[in-house]
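J.: the sequence and its predicted three-dimensional model are supplied below.
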Amino acid sequence: MEDLNELKKIEQYVDQCMKCGFCTFFCPIYQEELVESSAARGKIFLTKQVLKGGQQLSDQAMDIIGKCLLCKACAVNCPAKTQVDRVIVGARAEQVRQQGLPLVKRLIFRHVMANRRLFGWTVKLASKLQWMIPGKQGKMKHLPDFLKALGQGRNIPAISSVLLRDQVQEVNPPWDSKAPRMRVGYFMGCATDFIFPETGLKTIEFLTRHGIEVVVPKAQSCCGTAIYFSGDLETGRMLAYRNMEAFKDLDYVVTTCATCSSSLKDYKVYLPENDKQRKEFEDFSKKIKDVTEFLVDVLDIPPQEFHLRKEFQGKTITWHDPCHLVRYQNIRNQPRRILQALQGSTYVEMPNADRCCGMGGSFSIYHYDLTKKIADRKVESVKATSADIVVTACPGCMINLADHLQRAEMPQQVRHLMDLFE
């Protein structure tokens, strides 16, 4: 009988499931496939059978369990409060424990993403070579059809010619040169650093204008979501400790990526091996703030201090809720409070604003056909608003929304909330 270490840790969550099937009403994947194994109930049942039989997780079982966006739509609506995300991550961790990481993932996770200098060098090299990928409109590139592993015909954003880390200093004092209200660390996140540096620059400028000393530690690493959500908890813990060390002695840690803020807060959920680690991760999580909650809940900035940039004056704006913001962090009202109060624009609520856009990180690489179907529903929601600009707070969502709006030949811009302000 196989010693199922990681699965034993999540057995309590497996046992919570009442098999009611309520999850099928909310799972974006099930709604496209209408197959029992697509929903949380099917995945949990399969995990339970593996636990009961004490057998290895087969590749077929992991294909089923692994086909999950981890959007938590099932978990937050589950009458039994089953933590489905814990089950999925636990099953993936058990597979890694039994079989190890595949070669490509091992190289990427443990030797590239875990090494910030090498990661940056690799991205800079990719930036130099991206001219080989045919361009479309704006900053989007059209991925050649032969790169099917990354999604046939996918539009991807261009890598910035200058990374954010190369444009900012480590310590950024308040603009008025007065004593800072507080010292805040800025967690860049990979996508903001490599693809959307303007969002990071505007965030630092906005915060320093409001009396904040912004520290951008050079030693910060990837948040680790893609790594530990793939079951590599060992590398996830290493990155967690590296980030905790980089951001020690600061009042708060703010990020403009919903996935990153969720990940940093949730080290305490997925990574602890013992009570000592859990306490360390819990203490760190208390300092983490998504920029939307920081502006509203901590700084309590009056609406009149959010000045809309001229290029957005007279535009209609709508909001997309990232899964990692609305379900993982329960942040829903804060961005709306800002957008609804903006002078010079009109805010329109999007139907099903909190429905997953289908990105799901690497899910959209391995299951791009499903991502397209899920994203098509989001495109219809955008169309219903007649908005000019879709605003969100997750670079991953920005990439996916821009891709599918462009595929649908729709004119809407996709912007981060912090891009809107002067």
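T.: Nice, I can see it.

J.: what number of residues lie near the residue lying closest to Phe194 once chain neighbours are set aside?
T.: Once flanking residues are discounted, Phe194 sits nearest to Val123: 4.8 Å by CB to CB, 6 or more residues apart in numbering. Every C-beta, even on glycine, is put in place using the N, C-alpha and C of the backbone. Neighbourhood size, Val123 [other CB atoms under 10 Å]: 17.

J.: quick one: Val123 and Leu250, what's the gap?
T.: Noted for Val123: a distance of 26 Å to Leu250, by CB to CB, to the nearest Å.

J.: and what of Ala353?
T.: Taking CB to CB, one finds Ala353 at 32 Å from Leu250.

J.: next one: Val184
T.: 6 Å.

J.: which one of those two has more residues nearby?
T.: Val184 (25 against 18).

J.: isn't that one right up against Val253?
T.: Yes. The criterion here is CB atoms under 8 Å, and Val184 meets it with Val253 at 7.3 Å.

J.: now the phi/psi pair for Arg377, please.
T.: phi -70, psi -40 (degrees, to the nearest 10).

J.: can you pull out the strands in the stretch 201-350 of the chain?
T.: 212-215, 252-255, 288-290, 316-319, 346-347 (DSSP state E, counting those that start in this stretch).

J.: one more: the stretch 1-150 of the chain?
T.: Under DSSP E, counting those that start in this stretch, the stretch 1-150 of the chain gives strands at 140-142.

J.: mind listing residues that contact stretch 254-261?
T.: Stretch 254-261 is contacted by residues 184-189, 191-192, 199-200, 203, 207, 223, 225, 264, 288-291, 294, 322-325, 328-329, 331, 361, 392-397, 416, 418 when judged by CB atoms under 8 Å, 6 or more residues apart in numbering.

J.: these in helices, which ones?
T.: Secondary structure from DSSP state H places 191-192, 199-200, 203, 207, 225, 264, 291, 323-325, 395-397 of the contacts of stretch 254-261 in helices.

J.: closest one of those to Ala80?
T.: Closest approach to Ala80 among the ones in helices among the contacts of stretch 254-261 (CB to CB): Cys323, at 20.5 Å.

J.: what residue ranges in the chain score low on pLDDT?
T.: 1-4, 54-55, 124, 126-152 (pLDDT under 70).

J.: dump the C-alpha coordinates for the longest strand seen in the chain into PDB.
T.: The longest strand of the chain (DSSP state E) is strand 182-187. Extracted as PDB, the C-alpha positions of strand 182-187 are listed here (Å, rounded to 0.1, in the frame of the first residue of the first chain):
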ATOM      1  CA  MET A 182       4.600  54.700   6.700                       C
ATOM      2  CA  ARG A 183       7.200  52.500   4.900                       C
ATOM      3  CA  VAL A 184       5.600  50.200   2.400                       C
ATOM      4  CA  GLY A 185       7.200  47.500   0.400                       C
ATOM      5  CA  TYR A 186       6.100  47.200  -3.300                       C
ATOM      6  CA  PHE A 187       5.900  43.600  -4.500                       C
END
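
J.: can you count the residues close to Ala179?
T.: Using other CB under 10 Å, Ala179 has 9 other residues around it.

J.: tell me the secondary structure at it.
T.: Under the three-state scheme (DSSP: H, G, I helix; E, B strand; the rest coil), Ala179 adopts coil.

J.: tell me how far it lies from Pro173.
T.: 10 Å.

J.: and if you look at Ile389?
T.: Distance from Ile389 to Pro173, by CB to CB: 32 Å.

J.: same check, this time on Gly66
T.: Counting by CB to CB, the gap from Gly66 to Pro173 is 46 Å.

J.: one more: Gly90?
T.: From Gly90 to Pro173 the distance is 44 Å (CB to CB).

J.: walk me through the domains of the chain.
T.: When the chain is parsed with automatic domain parsing, its domains come out as 5-99, 303-420.

J.: just to revisit the earlier point, who has more neighbours out of Gly66 and Pro173?
T.: Legend: neighbour count by other CB under 10 Å for Gly66 and Pro173, higher for Gly66 (20 against 16).

J.: contacting residues for that one?
T.: Gly66 touches Ile88, Ala91, Arg92, counting by CB under 8 Å, 6+ apart.

J.: which of these has the most neighbours?
T.: Greatest neighbour count in the contacts of Gly66, by other CB under 10 Å, goes to Ala91: 29 neighbours.

J.: is it true that it touches Leu57?
T.: Yes. Using CB under 8 Å, Ala91 makes contact with Leu57 at a distance of 6.5 Å.

J.: tell me, what residue is most central in this structure?
T.: In the chain, the C-alpha nearest the mean C-alpha coordinate belongs to Thr259, at 2.6 Å (CA atoms, centre = their mean).

J.: perfect, that will be all.
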